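# What shape does this take:
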Amino acid sequence: MTELRHSAASRAGRREWTAFVVLLLPLLLVSMDVSVLYFAVPAISRELDPSSTQQLWIFDIYAFALAGLLITMGSLGDRIGRRRLLLIGATAFGVASIGAAYAQSAEMLIAARALLGIGGATLMPTTMALVRNMFPDDSQRSRAIGIWSGAMAGGIALGSVMSGVMLNHFWWGSVFLVNVPAMLLLLVLVPLLVPEFKDPAPGRFDLLSVPLSMAAVLPVVYGLKEFAVEGANTVAVLCVVAGLTVGAVFVRRQRTRSDAMVSKDLFTHRVFGTGIALNTVAAFAVMGSAYFTTQYLQSVLGMGTLEAALWSLAPSLAIGVAAPVATTLGQRTDRARVIAGGFLVAAAGFAVLACSGTDSLWLLLAGAAVIGCGIVTVMALVSDLALAGAPPEKAGSAASLLETGQEFGGALGMALLGSIGTAVYRQDIADSAPKGVPADALEAVRETLGGAAAVAGQLPGRLGESVLAVARDAFVHGMQLAAVGAAVVLVAAAVLAVTLLRNATPPQAVRAAHDPAADGAAEPAGAR
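Down below sits the predicted model:
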C-alpha cells in the first residue's frame with residue numbers, strides 16, 4: 001500500500017505535462033538551427049559577400065560552440081539550477097537571433113552564430129535534465145523522452161523547410177527572427193510552470209576542466225568534419241589525435257578530483273556508459289544517412305532545394321510515431337531486445353538504400369523512414385535508460401554527455417560513410433569518365449557530384465549528358481557501398497546492446513540504490 005501511495009504521488013500531472021510542452025520549444029529551435037541556413041546561403045552571399053572561409057564558419061561555428069560547451073553547461077546547470085540556466089540560455093539565444101537577423105557583415109553573422117551555439121549548449125542538456133526530474137515515474141518519463149527524441153529528429157528536417165518558406169516571403173534574416181517570439185514565450189511560461197532543480201551539494205566548480213573539455217571535443221569534431229570534406233589529411237589526423245590526447249587528460253582529471261565537472265557517480269552503473277556509446281552509434285547512422293539522402297534528392301534526382309526539403313519531411317511522419325511506440329514496447333518487454341531491434345530495423349533501412357538506383361525516390365524515402373524509425377527507437381530507450389541510471393542531482397551532466405556523444409557520432413557518420421562514398425565515386429569517375437572532357441573540367445567532376453552537374457551544364461549536348469549520367473551512377477554506387485558498411489555497424493551495435501544491457505538493473509532498482517528520496521534530492525524545498 002505504501003508503494004502504491006508513493007507511485008501515485010510521484011506521477012506527473014497536468015502541470016508537468018504542460019511544462020513539458022513548453023520545454024519542447026527550445027529543443028525544436030536548437031535542432032532547427034542546425035539546418036535553417038541551407039536555403040539562405042545565396043541571399044547571405046549577395047548581401048554580406050563572405051569569403052569561402054567565412055561562409056564555412058557561418059555554418060560550422062554554431063555546431064562547434066554547441067558541441068564544445070555541452071559538458072560545461074550540463075555541469076553548470078546542476079550547480080546553479082537547471083531552470084535558471086534555461087532562462088539564461090533562452091535570453092542569449094533570443095538576443096543572438098536578433099543579432100544574426102540584422103548582421104551587417106560576415107564577421108557579425110559569425111559572432112551571432114557563435115552566441116547562438118552557446119545558447120543552444122545551455123538549452124539542450126537542461127531540457128533533457130528537467131524532463132528527467134519532472135517525471136520520476138518510469139512509464140511517464142519513458143513516454144516523455146520518446147516524444148523528446150522524436151521532436152529533436154523532426155526539428156532538423158523542419159528547419160530547412162521553414163527556411164525555404166520564410167525566404168519565399170521575407171529577407172534572409174527572417175529565418176533567425178522566428179526564434180524570438182518562441183524565446184519570449186519561454187521566458188514567460190518557464191518560471192510559471194517549470195520547477196527548479198539543482199544539486200544540493202555540488203561542490204566547487206572546476207574551472208580548469210572547462211577549457212580542457214573544449215580542447216578535447218572541438219579538435220575531434222573539427223578533424224572529423226575535415227575528414228568528411230577533404231578526406232584523410234594531415235590537419236584532420238592531427239586535430240583528432242590532439243583532441244583525443246587532451247580528452248585522456250580530461251578523463252584522468254575527472255577520475256581523480258572530488259569536485260570534478262563530470263561526477264564519477266554517473267558511471268557507477270554500466271547502463272549509463274553503454275547508453276552513451278549506443279547513442280553515439282545511433283547518431284552515426286542518422287547523420288551518415290542524411291549525408292547521402294539530401295544529395296541524392298538534389299543532385300541525382302535534380303530537385304530544387306525547397307522541393308527536396310519538402311520530400312525529406314515525408315520520413316518524419318513515420319519517425320514521429322516510432323518514438324512513442326518504442327517507449328511503450330520498452331515498458332512491456334526487455335529493453336535490450338527492443339534497442340537491438342531498433343538497430344536491426346535501421347540496418348534494414350540501410351539495406352533498402354543499398355538497393356536504390358538513380359531513379360528511386362520512393363525507395364530512398366522508404367529507406368530513410370525505416371532508418372529513422374529504428375534510430376529514434378534506440379535514442380529514446382537508451383536516453384531513458386542512461387538518465388534513469390544517473391543520480392537525479394547529476395541529470396544535467398548526464399544529459400550533456402549524451403548530447404556530446406551524439407555530436408561525436410554525427411561527425412563520425414559523415415566522416416566515415418561520406419569518405420566511403422567519396423572514394424567509390426572518385427574511383428568510378430576515374431574508370432568511366434567519357435572521353436573528350438577537358439582536364440580541368442574532369443578534375444571538378446572527380447571532386448563532387450555537384451561539381452559534375454556544373455561541368456555537365458557547360459559541355460555540349462551528349463557529352464554533358466554522359467558526364468552527368470556517369471557521375472550520378474558513381475554517386476549512387478558510393479551510397480550503396482556506404483549503406484552496406486553502415487548496416488554492418490548497426491548489426492554489430494545490436495549484438496552489443498543485447499550483450500551489454502542483458503539483465504541490466506531496471507530504473508526502479510537503480511533509483512532505489514540511491515537515497516530513497518533520490519528524485520527529490522535535486523529539488524530544493526518548495527520547488528513543487
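
# Tell me the spacing between residue 295 and residue 227.
Counting by Cβ to Cβ, to the nearest Å, the gap from residue 295 to residue 227 is 17 Å. In short, each C-beta sits where N, CA and C put it, glycine included.

# which one of those two has more residues nearby?
When neighbours are counted by other Cβ atoms under 10 Å, residue 295 and residue 227 differ, and residue 227 comes out ahead with 23 against 18.

# That one touches residue 419, doesn't it?
Yes - in terms of Cβ atoms under 8 Å, residue 227 counts as a neighbour of residue 419; the distance is 6.4 Å.

# Low-confidence ranges, the stretch 401-528 of the chain, go.
436-437, 441, 503-528 (pLDDT under 70).

# if we go to 90?
Applying pLDDT under 90 to the stretch 401-528 of the chain flags the ranges 401-480, 496-528.

# how about the helices of it, start to end?
Assigned by DSSP state H, counting those that start in this stretch, the stretch 401-528 of the chain shows helices spanning 439-447, 449-458, 461-501, 507-513, 518-521.

# Including distance to residue 122 and mean neighbour count, could those helices go into a markdown table?
Listed next are the helices of the stretch 401-528 of the chain as a markdown table, based on distance: least, Cβ to Cβ, whole Å; neighbours: other Cβ atoms under 10 Å:
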| stretch | distance to residue 122 | mean neighbour count |
| --- | --- | --- |
| helix 439-447 | 38 | 15 |
| helix 449-458 | 36 | 18 |
| helix 461-501 | 30 | 20 |
| helix 507-513 | 26 | 15 |
| helix 518-521 | 22 | 19 |
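
# got TSV for these, with distance to residue 377 too?
Shown next, in TSV, are the helices of the stretch 401-528 of the chain (distance: least, Cβ to Cβ, whole Å):
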stretch	distance to residue 377
helix 439-447	37
helix 449-458	31
helix 461-501	11
helix 507-513	18
helix 518-521	26
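
# Between these, which one is closest to residue 167.
When those are compared for distance to residue 167 using Cβ to Cβ, the nearest one is helix 449-458, at 20.3 Å.

# Show me what secondary structure element comes after the lowest-mean-pLDDT helix or strand in the chain.
Counting by mean pLDDT, DSSP states H and E, the chain has its least confident helix or strand at helix 2-10, which shows a mean of 42. Toward the C-terminus, helix 2-10 is succeeded by helix 14-32 as the next helix or strand (DSSP states H and E).

# now for whatever helix or strand comes next after that following helix, which elements pack on it?
Next along the chain after helix 14-32, taking DSSP H and E as the criterion, comes helix 41-48. Here helix 41-48 touches helix 52-80, helix 106-134, going by 3 or more Cβ pairs under 8 Å, 6 or more residues apart in numbering; DSSP states H and E.

# Including distance to residue 317 and mean pLDDT, could those helices go into a markdown table?
Converted to a markdown table, those look like this (distance: least, Cβ to Cβ, whole Å; pLDDT from 0 to 100):
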| stretch | distance to residue 317 | mean pLDDT |
| --- | --- | --- |
| helix 52-80 | 26 | 77 |
| helix 106-134 | 24 | 84 |
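
# so of those, which one's packed in deepest?
Highest mean neighbour count of the helices and strands packed on helix 41-48: helix 106-134, a mean of 25 (counted as mean count of other Cβ atoms under 10 Å).

# about what we covered before: and the helices of the stretch 401-528 of the chain: which comes nearest residue 321?
Closest of the helices of the stretch 401-528 of the chain to residue 321 is helix 461-501, at 20.6 Å (criterion: Cβ to Cβ).

# next one: the closest one to chain centre, how far?
The chain centroid and the centroid of helix 461-501 are separated by 21 Å under Cα atoms, centre = their mean, to the nearest Å.

# Please spell out which residues along the helix or strand hosting residue 282 are buried.
Residue 282 belongs to helix 270-295 when elements are defined using DSSP H and E. By neighbour count with 16 or more other Cβ atoms under 10 Å, helix 270-295 contains the buried residues 271-295.

# how many degrees apart are it and helix 449-458 in direction?
0 degrees (axes from the mean of the first three to the mean of the last three Cα atoms, to 10 degrees).

# What is helix 270-295 packed up against?
helix 305-312, helix 335-354, helix 361-388, helix 395-432, helix 461-501.

# and it with helix 361-388, angle?
Going by the same axes, to 10 degrees, helix 270-295 makes 160 degrees with helix 361-388.

# Helix 270-295 - what's its average pLDDT?
Taken as a whole, helix 270-295 has a mean pLDDT of 81.

# Please apply the same query to stretch 81-96.
For stretch 81-96, the mean confidence score works out to 88.

# Restricting to C-alpha, output it in PDB.
In PDB, the C-alpha atoms belonging to stretch 81-96 read as follows (Å, rounded to 0.1, in the frame of the first residue of the first chain):
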ATOM      1  CA  GLY A  81      19.800  25.400 -11.200                       C
ATOM      2  CA  ARG A  82      18.600  23.900 -14.500                       C
ATOM      3  CA  ARG A  83      15.600  26.300 -14.800                       C
ATOM      4  CA  ARG A  84      17.800  29.300 -14.200                       C
ATOM      5  CA  LEU A  85      20.300  28.200 -16.800                       C
ATOM      6  CA  LEU A  86      17.500  27.500 -19.200                       C
ATOM      7  CA  LEU A  87      16.200  31.100 -18.800                       C
ATOM      8  CA  ILE A  88      19.800  32.500 -19.200                       C
ATOM      9  CA  GLY A  89      20.200  30.400 -22.400                       C
ATOM     10  CA  ALA A  90      16.900  31.400 -23.800                       C
ATOM     11  CA  THR A  91      17.800  35.100 -23.300                       C
ATOM     12  CA  ALA A  92      21.100  34.600 -25.000                       C
ATOM     13  CA  PHE A  93      19.500  32.600 -27.900                       C
ATOM     14  CA  GLY A  94      16.900  35.300 -28.400                       C
ATOM     15  CA  VAL A  95      19.400  38.200 -28.400                       C
ATOM     16  CA  ALA A  96      21.800  36.200 -30.700                       C
END
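
# That one: which residues count as buried?
Neighbour counts using 16+ other Cβ under 10 Å place 81-96 of stretch 81-96 among the buried residues.

# Mind picking the two most distant members of those?
By the measure Cβ to Cβ, 81 and 96 form the most distant pair in the buried residues of stretch 81-96, at 21.8 Å.

# Quick check: end-to-end length of stretch 427-445?
12 Å (Cα to Cα, to the nearest Å).

# Could you do stretch 294-304 as well?
11 Å.
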